[in-house]
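J.: what's the 3D shape of this:
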Amino acid sequence: MARKLFRTGNSTVVSIPKEVLEGSGLTEGAEVQVRATGMGRIEISAMDLEPFPGVDEEFSRQVAEFIDQYRPALEKLAR
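T.: Modelled structure (predicted):
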């Protein structure tokens, strides 16, 4: 399925079709890793669900939800 890169703000983006996103198991707002693999290829993959080994998975989920909910405020505080 062909897609076109376009510019928004200081970033270049590509839209992901609904059926591709659903097939990936990811949802809008998910944190992903993006890397160039060479030869005109880009790989997008899910972030590790347990970024800190040994930290309780439920606690990690709650922190991730908190960050998602308050991201704009947290970004302003970080400035």
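J.: I'd guess residue 35 is in a helix, am I close?
T.: No. Counting by DSSP: H, G, I helix; E, B strand; the rest coil, one finds residue 35 to be strand, located in no helix.
J.: Could you give the number of residues near it?
T.: For residue 35, the count of nearby residues is 10 (other Cβ atoms under 10 Å). From N, CA and C alone the C-beta is placed, and that goes for glycine too.
J.: Quick check: it touching residue 43?
T.: Yes. Applying Cβ atoms under 8 Å, one finds residue 35 in contact with residue 43, separated by 5.4 Å.
J.: and the gap between residue 74 and residue 59?
T.: Distance of residue 74 to residue 59, computed by Cβ to Cβ, to the nearest Å: 18 Å.
J.: just residue 21 next, same as before
T.: Distance from residue 21 to residue 59, counting by Cβ to Cβ: 27 Å.
J.: Settle it for me: which of the two has more neighbours?
T.: residue 21 (14 against 10).
J.: what pLDDT, on average, does the helix or strand hosting that one get?
T.: Using DSSP states H and E, residue 21 sits in helix 18-24. For helix 18-24, mean pLDDT is 89.
J.: what about this structure, any weak spots by pLDDT?
T.: Where the chain drops to pLDDT under 70, the residues are 48-53.
J.: Please enumerate the helices of it.
T.: For the chain, the helices defined by DSSP state H occupy 18-24, 57-78.
J.: how far out from the middle of the chain is stretch 32-52?
T.: Put simply, stretch 32-52 sits 9 Å off its chain's centre (Cα atoms, centre = their mean, to the nearest Å).
J.: Contacts for that stretch next, please.
T.: Identification of contacts with stretch 32-52 by Cβ atoms under 8 Å, 6 or more residues apart in numbering yields 24-26, 30-31, 57, 60.
J.: can we see that at 6 Å?
T.: Residues outside stretch 32-52 that contact it (Cβ atoms under 6 Å, 6 or more residues apart in numbering) are residue 31.
J.: Please shift the residue numbers so they start at 46 in all later answers.
T.: Taking 46 as the first residue, the last one we looked at is stretch 77-97.
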